[in-house]
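> dropping the sequence and predicted coords here.
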Amino acid sequence: MSENLVVLLNGEALIEYDRTKDLPEKQRQYLDRMDRQMDDGITLGDERIDNPDQQQRAQFVALTLVNALQQDNEAVIAAMNSYLAIRLPDLKQVKADIDQNSRRVMFDLIFDQEHKNQVKVSFNA
């Protein structure tokens, strides 16, 4: 299990979830409710999935997380981030990119690479 889950949007690390801190029981119950709701099916893109598996659930939650980040919806951000961190203990990064022209969201769930702090350097010609 990785200790941290890092969420990156357009290359910028926005959230770091520390798995070493216990999640309060009320929040764990909320994650269980999320799972029960997803048991009834989810919509990914244009596709309705009646019995989503763990990967499809993770994709749905990651997409919801990215949308919440765009809207600065802190409650949804916290819930979706907690879900991914708790339900996918080996998940290390969520890398999302939003195409500014089409507003299309693309994301990767990274299980095999820890996020390393990077420093952006700009050079003037």
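Yep, that arrived.
> report how many residues lie close to Gln37.
10 (other C-beta atoms under 10 Å). Quick note: C-beta positions are derived from backbone N, CA and C, even for glycine.
> what do you get for Leu14?
14.
> that one: which element?
Using DSSP states H and E, Leu14 sits in strand 12-18.
> ok, that strand: who's next to it in the sheet?
strand 4-9 (antiparallel) (DSSP bridges).
> what is the mean pLDDT for the partner strand?
The pLDDT scores in strand 4-9 average 92.
> what does stretch 109-116 give?
On average, stretch 109-116 scores 80.
> and it, how far out from the chain middle?
13 Å (C-alpha atoms, centre = their mean, to the nearest Å).
> end-to-end on that stretch?
With C-alpha to C-alpha, to the nearest Å as the measure, stretch 109-116 spans 16 Å from end to end.
> same question for stretch 91-108.
Start-to-end span of stretch 91-108 (C-alpha to C-alpha) is 11 Å.
> what about it, distance to the chain center?
With C-alpha atoms, centre = their mean, you get 10 Å for stretch 91-108.
> what residues sit buried inside that stretch?
For stretch 91-108, the neighbour count (16 or more other C-beta atoms under 10 Å) marks Leu91, Lys92, Gln93, Val94, Lys95, Ala96, Ile98, Phe107 as buried.
> same question, stretch 69-84
Leu69, Ile77, Ala78, Ala79, Met80, Asn81, Ser82, Tyr83, Leu84.
> just stretch 12-24 next, same as before
Those buried within stretch 12-24 under the rule 16+ other C-beta under 10 Å are Ile15, Tyr17, Arg19.
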